[in-house]
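[1] With the input below, show me the fold.
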Amino acid sequence: MTTMDFLYPDVLGAITGGERVGMTTLQFAVGAAPTMTYIGQPLEIVIILQNMIDQPLEVRISLGLPTRTPGGKPINLTTPRKLIALMMQPGEVGVARLPVVPMLPTPQPSDELPIRVAVRQRVKEAYSYVRAPLGGAPPSELAVTPFQL
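    You can find the predicted model right below:
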């Protein structure tokens, strides 16, 4: 298959500047916003997902929140859901936004608290790729504001 054979543009690459994690039938990128927060102020773990195939894709995302700092002090990070499951349509690109709130006794300031994001995917049928695996043509238009980017 040549690059011209792929039907869909590389939306994920246009948003992230090419950064991505590839998992055969799914590509994604993870970020956090804002990069600094205070006790009781939420931050969001943002996961941009891009289905690479012509079949529906079952996706499960789980958060691993730390309970201690590297120095052993307790951390209390809360989230309404540590696990989400979704079904992506063929070729779909979407965003999962998972809120996390630091609560006491989390020490401040806390730099570089490791939040683990596990992404699993499952497809039920034979599939063909609709996007180039290593990035492809950019989309002609994105329905997001520069602030959202």
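
[2] Run through the residues that contact Lys82.
    Contacts for Lys82 (C-beta atoms under 8 Å, 6 or more residues apart in numbering) come out as 62-65. Glycine gets a C-beta too; all of them are placed from N, C-alpha and C.

[3] what are the ranges of the helices in the chain?
    Ranges of helices within the chain are 11-16, based on DSSP state H.

[4] where in the chain is pLDDT low?
    For the chain, residues meeting the criterion pLDDT under 70 lie at 1-5, 110-111, 137-149.

[5] Quick check, central residue of it?
    Ile47 (1.7 Å; C-alpha atoms, centre = their mean).

[6] Tell me the bridge partners for that residue.
    Residues in a beta bridge with Ile47, per DSSP bridges, are Val30, Ala96.

[7] Report the contact partners of it.
    Residues in contact with Ile47 (C-beta under 8 Å, 6+ apart) are 28-30, 61, 95-98, 117, 119.

[8] So which bits of stretch 77-92 are buried?
    Neighbour counts over stretch 77-92 (16 or more other C-beta atoms under 10 Å) mark 77, 88, 90-92 as buried.
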